[in-house]
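Visitor: predicted model and sequence follow; I will ask about them next.
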Amino acid sequence: MSEYEYRLSAKLSSYRAPDALLDALDRSEQPDPAVGQMWRAHVEGTALLVLLLDEFASGSLEVVVATPGETPPVGSAVEHVVARTDTYQRLTVWPGLRGPLHQRVLDVLIEDSAATQALSTTLRTRPRAEAPVDVLDPGAELLAELGDDLHTLQDAPAVPVRPKNPAKLSSLLPGEPGAQLTLLIESLELGQPIAMELLRSKRELTDAQARSLEQRLGLANGTLPAAGGLEPALVAEVEHPRWRSAARTRARRQGVPEVEARTSLAAEAYALAARESTSTPDWRQRLSIIVAGES
């Protein structure tokens, strides 16, 4: 890095976005998701209207699926509630399609009114039906399609998070220490000193090494700790709906998936804050600097 680039980076790292810019972001983008709001949830190829029923838990909220103007066919026994809100004259809510949904897929706030708040309270306290839907019910196919859409949204890829207290590699690999050492040396083609550092948690596996070992051992993806990932607080901020528009714009410009665009935005924010003396950077401020520079 040149002297000029160093001075510029140091200057930017101490920059605080004007309050007017932050207020504009709130107005033009999205507020914090909260109980009683109705949002459009969207990933490429799939979109649903969802009503938020419960508070945050690790970035996710309890939601129930709603559809405007669509009800089960005549003769169907599928559970549904027909309501009217400020936005929709006729809204169908499907209590059987309820579950956690991460804020990363929330797209546009549709309504936050007394009507949606009351509807949310009603659905939140409503007993859940225990009997499965009859596959021969005329409404079963529609319910299944909406359920598939909800599952697609729930499976949307996330920005990788750096675990606060990752498990030791030696506690996750099979066998005694000697066998573990041999496994690392032979599977990853490592020298003994590096393999020993890995077992002693003095070095981290790369993401590629972790995935390779997981595949060899038949472990689920993400089981083994690896280097990489971003600070949990930074990930929570960049996955807020207020940054979706910026992430999508970057994704289109770079020709990459939205999750990669979000990850790169977060990585740049992290680099911008790296020279700050504070141990708790204002990630929203840092992201606002990057987004303002791209607009």
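Guide: Yep, that arrived.
Visitor: list the buried ones in the lengthiest strand in the chain?
Guide: Counting by DSSP state E, the longest strand found in the chain is strand 91-102. Neighbour-count burial for strand 91-102, counted by 16 or more other CB atoms under 10 Å, picks out L91, T92, V93, W94, P95, G96, L97, R98, G99, L101, H102. Where C-beta positions appear, they are placed from N, C-alpha and C, glycine not excepted.
Visitor: distance of the fourth one from A77?
Guide: The spacing between W94 and A77, counted by CB to CB, to the nearest Å, is 13 Å.
Visitor: which non-adjacent residue is nearest A269?
Guide: Using CB to CB, 6 or more residues apart in numbering and skipping the chain neighbours, the partner closest in space to A269 is R286 (3.9 Å).
Visitor: the one you found belongs to a strand?
Guide: No. Assessed with DSSP: H, G, I helix; E, B strand; the rest coil, R286 is helix; it does not lie in a strand.
Visitor: residues in contact with it?
Guide: A269, Y270, L272, A273 (CB atoms under 8 Å, 6 or more residues apart in numbering).
Visitor: ok, the first one to G178 distance?
Guide: A269 sits at a distance of 44 Å from G178 (criterion: CB to CB).
Visitor: comparing the two, which shows the higher neighbour count?
Guide: More crowded of A269 and G178, by other CB atoms under 10 Å: A269, with 26 against 8.
Visitor: dump the residue contacts of the more buried one.
Guide: Residues near A269 by CB under 8 Å, 6+ apart: L234, V238, W283, R286, L287, I289, I290.
Visitor: 6 Å instead, please
Guide: By CB atoms under 6 Å, 6 or more residues apart in numbering, A269 lies in contact with W283, R286, L287.
Visitor: can you give me the strands in the chain?
Guide: Applying DSSP E to the chain gives strands spanning 38-43, 46-52, 60-68, 81-83, 91-102, 106-111.
Visitor: turn these into CSV, including distance to G139.
Guide: Listed next are these as CSV, based on distance: least, CB to CB, whole Å:
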stretch, distance to G139
strand 38-43, 22
strand 46-52, 17
strand 60-68, 12
strand 81-83, 13
strand 91-102, 10
strand 106-111, 24
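Visitor: any chance of TSV for those strands, columns mean pLDDT and distance to L119?
Guide: What follows is the strands of the chain, written out as TSV (pLDDT from 0 to 100; distance: least, CB to CB, whole Å):
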stretch	mean pLDDT	distance to L119
strand 38-43	96	8
strand 46-52	97	6
strand 60-68	95	9
strand 81-83	95	5
strand 91-102	95	7
strand 106-111	94	10
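Visitor: wait, which of the ones you listed is closest to G255?
Guide: Between G255 and those, the shortest gap by CB to CB is with strand 38-43, which sits at 17.4 Å.
Visitor: show me what contacts L172?
Guide: Applying CB under 6 Å, 6+ apart, we find L172 in contact with L224.
Visitor: let's see 10 Å
Guide: L172 is in contact with P166, Q180, L213, E214, L217, L219, T223, L224, P225, counting by CB atoms under 10 Å, 6 or more residues apart in numbering.
Visitor: now those residues: which count as buried?
Guide: By 16+ other CB under 10 Å, the contacts of L172 give Q180, L213, E214, L219, L224, P225 as buried.
Visitor: where does the stretch 151-295 of the chain dip in pLDDT?
Guide: For the stretch 151-295 of the chain, applying pLDDT under 70 flags the ranges 221-222, 227, 274-278, 295.
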